[in-house]
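Chemist: What would the 3D arrangement of this be:
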Amino acid sequence: MVVVHLGLDAGERERHLRLLLDRLPRTEPLVVLGDVNEVPDQPSWRTLLAQGLTDAAAHAGPTFPASAPAQRIDAVLVGYGLRVTAARVLDVPAARVASDHLPVVVDLAAGEER
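Modeler: Below you'll find the predicted structure:
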């Protein structure tokens, strides 16, 4: 498992991604998760998905800002060997005050998606 928090600035995110890709484990199963600071159709997501990762929470809902979620900028990406059985954003009062992001919960099981 790799946890990331990419920078707010586009150049900084690009530098972070280069560092991440240089160190990304090539073993399975692999989970990359964290704050990407971009929405899914932007460059950081495309770069990560190009590594053979799958967006495990594509339909989970927005995560930011926690007080009024409008954007999905937090990712859970999985490699081969894992399948997603459920994904959701935990939108409860305690989560809204614990962070400026809502948490993403993904249930995984061993084995390929069918």
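Chemist: list the contacts for residue 2?
Modeler: Taking C-beta atoms under 8 Å, 6 or more residues apart in numbering, we find residue 2 in contact with 20, 24-25, 30-33. C-beta coordinates here come from the backbone N, C-alpha and C atoms, glycine included.
Chemist: All the strands of this protein, residue numbers only.
Modeler: Listed in chain order, the strands of the chain (DSSP state E) span 2-5, 31-35, 54-55, 74-78, 82-89, 104-110.
Chemist: quick one on the thing from earlier: ok, of the contacts of residue 2, which one's closest to residue 80?
Modeler: residue 30 (8.1 Å; C-beta to C-beta).
Chemist: what's the distance between the closest one and residue 16?
Modeler: 18 Å (C-beta to C-beta, to the nearest Å).
Chemist: Which residue is the nearest non-sequential neighbour of residue 14?
Modeler: Spatial nearest neighbour of residue 14, chain neighbours left out: residue 43 (7.5 Å); criterion: C-beta to C-beta, 6 or more residues apart in numbering.
Chemist: how many neighbours does the one you found have?
Modeler: Residue 43: 12 surrounding residues under other C-beta atoms under 10 Å.
Chemist: repeat for residue 101
Modeler: The number of residues packed near residue 101 is 19, by other C-beta under 10 Å.
Chemist: show me what contacts it?
Modeler: 35, 63-66, 73-74.
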